[in-house]
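Q: here is my input; please provide its structure:
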Amino acid sequence: MLSVEVTRRLGPERAIPAGLALGAVGSCLLVALVDPNDGGPYPTCPTRALLGLDCPACGTLRGVHALSRGQIATALDHNLLLLLAVPLGLAVWWSWVRSALGRPTPARFVPRWAIATSVALVLAFTLLRNAGGGPWGWLDSTA
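A: This is a model prediction of the structure:
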């Protein structure tokens with residue numbers, strides 16, 4: 001099996017971040033090539049399917065597709081949280097890769113207030129995007 005051979009050569013501490021990067025690049029390539037606005041092989045959001053509501057991640061596939069085309073405003077229109085999620089995800093992954101390569105980044109502790117603020121922000125975003133139009137209608141993932 002290919003994954004066993006890669007793990008043997010790189011070691012598990014390096015193979016896992018490399019595999020994650022390969023999976024992320026492949027997924028982004030698929031989203032860039034197959035427009036989520038036209039359907040495609042993408043799963044339906046369970047929250048939207050069961051409750052008819054936008055979860056905090058609704059619109060992310062369409063947002064990543066727009067980002068792959070350089071359409072930043074359109075991407076943020078699909079999901080405003082991409083503004084925070086993409087840089088944060090890249091920073092966490094990059095730190096993991098540096099550590100796997102033997103160059104660990106110093107541990108950074110996130111203060112509790114930052115975690116609480118982030119959770120409150122995501123909850124407020126979710127509530128406002130499902131408020132049913134009005135002044136917050138632009139937060140809806142289908143806008």
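Q: and the helix ranked longest in the chain, what other elements does it pack with?
A: Among the segments of the chain that qualify as a helix by DSSP state H, the longest is helix 12-33. Contacting helix 12-33 under the criterion 3 or more C-beta pairs under 8 Å, 6 or more residues apart in numbering; DSSP states H and E are the following elements: helix 2-10, helix 60-68, helix 82-100. To be clear about C-beta, it is placed using only N, CA and C from the backbone, and glycine gets the same treatment.
Q: nearest to P41, out of these?
A: Nearest to P41 among the helices and strands packed on helix 12-33 is helix 60-68 (10.8 Å), distances taken as C-beta to C-beta.
Q: buried ones in that closest one?
A: By neighbour count with 16 or more other C-beta atoms under 10 Å, helix 60-68 contains the buried residues 60-67.
Q: just send these back as a markdown table, with pLDDT and distance to S99 too.
A: Converted to a markdown table, these look like this (pLDDT from 0 to 100; distance: C-beta to C-beta, whole Å):
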| residue | pLDDT | distance to S99 |
| --- | --- | --- |
| T60 | 90 | 26 |
| L61 | 90 | 29 |
| R62 | 91 | 33 |
| G63 | 92 | 29 |
| V64 | 91 | 26 |
| H65 | 93 | 31 |
| A66 | 93 | 32 |
| L67 | 92 | 27 |
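Q: now tabulate those residues in TSV and tack on distance to G40.
A: Written out in TSV, the entries for the buried residues of helix 60-68 read as follows (distance: C-beta to C-beta, whole Å):
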residue	distance to G40
T60	14
L61	9
R62	11
G63	15
V64	13
H65	10
A66	15
L67	17
